[in-house]
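> What follows is a predicted protein model with its sequence.
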Amino acid sequence: MTEQILTLCRAMGAGQEELLLPLAQAAESRLAGRLKEGTAPEDCGPAFPLAAAMLVMDGLSGMTGGGETASFTAGDLTIRRESGGSGSGKSLSARAEGLLAPWLRDGRFVFQGVEG
């Protein structure tokens with residue numbers, strides 16, 4: 001499974017080759033630990049390695065500073081990156097969790113037994 005994740009990361013244009021393996025292993029472990037009881041990564045089909053690769057790419061982006069700058073000005077020239085389009089403002093990690101949502105345990109916080 002790790003090799004599939006690495007292949008997808010490379011297809012997504014991942015740099016930082018020395019970071020790919022540990023990030024891929026960590027993403028695989030993190031996602032596998034969040035799967036519903038009795039569900040294996042293989043049960044998720046191609047969604048699991050793709051979601052793990054998305055986590056790796058988001059991690060690489062955070063380590064290299066990618067995605068941090070919304071605008072840049074040099075003299076009279078301003079370059080602005082707008083959120084929207086295919087990204088819809090969500091991080092790759094959020095989209096990865098959405099992709100695996102049918103197989104993940106519900107990790108949201110819930111109040112139970114509290115009278116309003």
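That came through fine.
> Only C-alpha atoms from now on, for both contacts and neighbour counts.
OK.
> in the chain, which ranges drop under the pLDDT threshold?
Along the chain, the model assigns pLDDT under 70 to residues 64-72, 79, 81-89, 108-112, 114-116.
> quick one, helices of it?
2-11, 17-34, 47-64, 92-99 (DSSP state H).
> Residue 107: which of the ones you listed is closest?
Nearest to residue 107, of all these, is helix 17-34, at 8.2 Å by C-alpha to C-alpha.
> who does the closest one touch, helix- and strand-wise?
The contact analysis (3 or more C-alpha pairs under 8 Å, 6 or more residues apart in numbering; DSSP states H and E) places helix 17-34 against helix 2-11, helix 47-64.
> quick revisit: tell me which of the helices of the chain is the most buried.
Each of the helices of the chain was assessed for mean neighbour count using mean count of other C-alpha atoms under 10 Å. The highest is helix 47-64, with a mean of 22.
> tell me what that helix is packed against?
helix 2-11, helix 17-34, helix 92-99.
> Nearest residue to residue 4 in space, please, no chain neighbours.
residue 49 (6.3 Å; C-alpha to C-alpha, 6 or more residues apart in numbering).
> wait, that neighbour sits on residue 1?
Yes: counting by C-alpha atoms under 8 Å, residue 1 is a contact partner of residue 49 at 6.8 Å.
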